[in-house]
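Colleague: okay, sequence plus prediction incoming.
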Amino acid sequence: MKINGVNLPKSSFLSVEKDLEIIVKHLCKNERLKRLLYYTTKDAIDKPDLNDEQMIQLFNKNIKLIPKLYVDGSVLNYLIINFDNFTQSGNPEFRDNIVEFDIICHFDQWHLKDYQLRPYRIAAEIDSMIDKTHLTGIGKLEFLGANQIILTDEYAGLCLMYQAVHGEEDKKFMPNPNDEERFIEDFKKRTEE
């Protein structure tokens, strides 16, 4: 793809930011998911929807885009979104990858009402939104599986995994339009060296 006569690099890593944006928009629409992550009581699903201030707290503390977990004494429920296992696709210029959702809950908060377990209920909410969702790739996210995660004697949960397939379509909106001018300048400098 060329912008202003400059060939942009072909890399599926450029699609991560767009994929994250799409995923976060889906998460923001699901009130049940937000309540399950934010509230720590057994009746979390029955609690009121989050207000703007609580939403900001949710994305600063509970939902992580960087795979680092800060356990600060306040026992929270966490969702970490990872892009992992990049592999060459059928087209050697692009890479497919796995999108992982790590759901981490304190053991004291696993139980909800009526035999429901919080990590599995959170997984159900994510799976119902994400499976078969179209991101920036050419295909839809395909559910690969889920594994139990045991971090410590206090925290455990599930890792949901989805296959993302990439291709030329990934480049349609790359780079981020907000950074396009700077990106082109930086890329020109790099190719001239």
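Modeller: Sure, I can see it. Numbers count the residues shown, from 1 in each chain.
Colleague: alpha carbons only for contacts and neighbour counts from here, please
Modeller: OK.
Colleague: the strands in the protein, which residues?
Modeller: 2-3, 6-7, 63-64, 78-88, 95-106, 142-150, 155-164 (DSSP state E).
Colleague: identify the residue nearest the geometric centre of this protein.
Modeller: residue 81 (3.4 Å; C-alpha atoms, centre = their mean).
Colleague: one step back: in JSON lines: the strands of the chain, plus distance to residue 121.
Modeller: Listed next are the strands of the chain as JSON lines, based on distance: least, C-alpha to C-alpha, whole Å:
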{"stretch": "strand 2-3", "distance to residue 121": "45"}
{"stretch": "strand 6-7", "distance to residue 121": "46"}
{"stretch": "strand 63-64", "distance to residue 121": "16"}
{"stretch": "strand 78-88", "distance to residue 121": "13"}
{"stretch": "strand 95-106", "distance to residue 121": "10"}
{"stretch": "strand 142-150", "distance to residue 121": "13"}
{"stretch": "strand 155-164", "distance to residue 121": "11"}
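Colleague: for residue 40, find the nearest of those.
Modeller: strand 95-106 (9.3 Å; C-alpha to C-alpha).
Colleague: note down every partner strand of that closest one and its orientation.
Modeller: Here strand 95-106 has these sheet partners by DSSP bridges: strand 78-88 (antiparallel), strand 155-164 (antiparallel).
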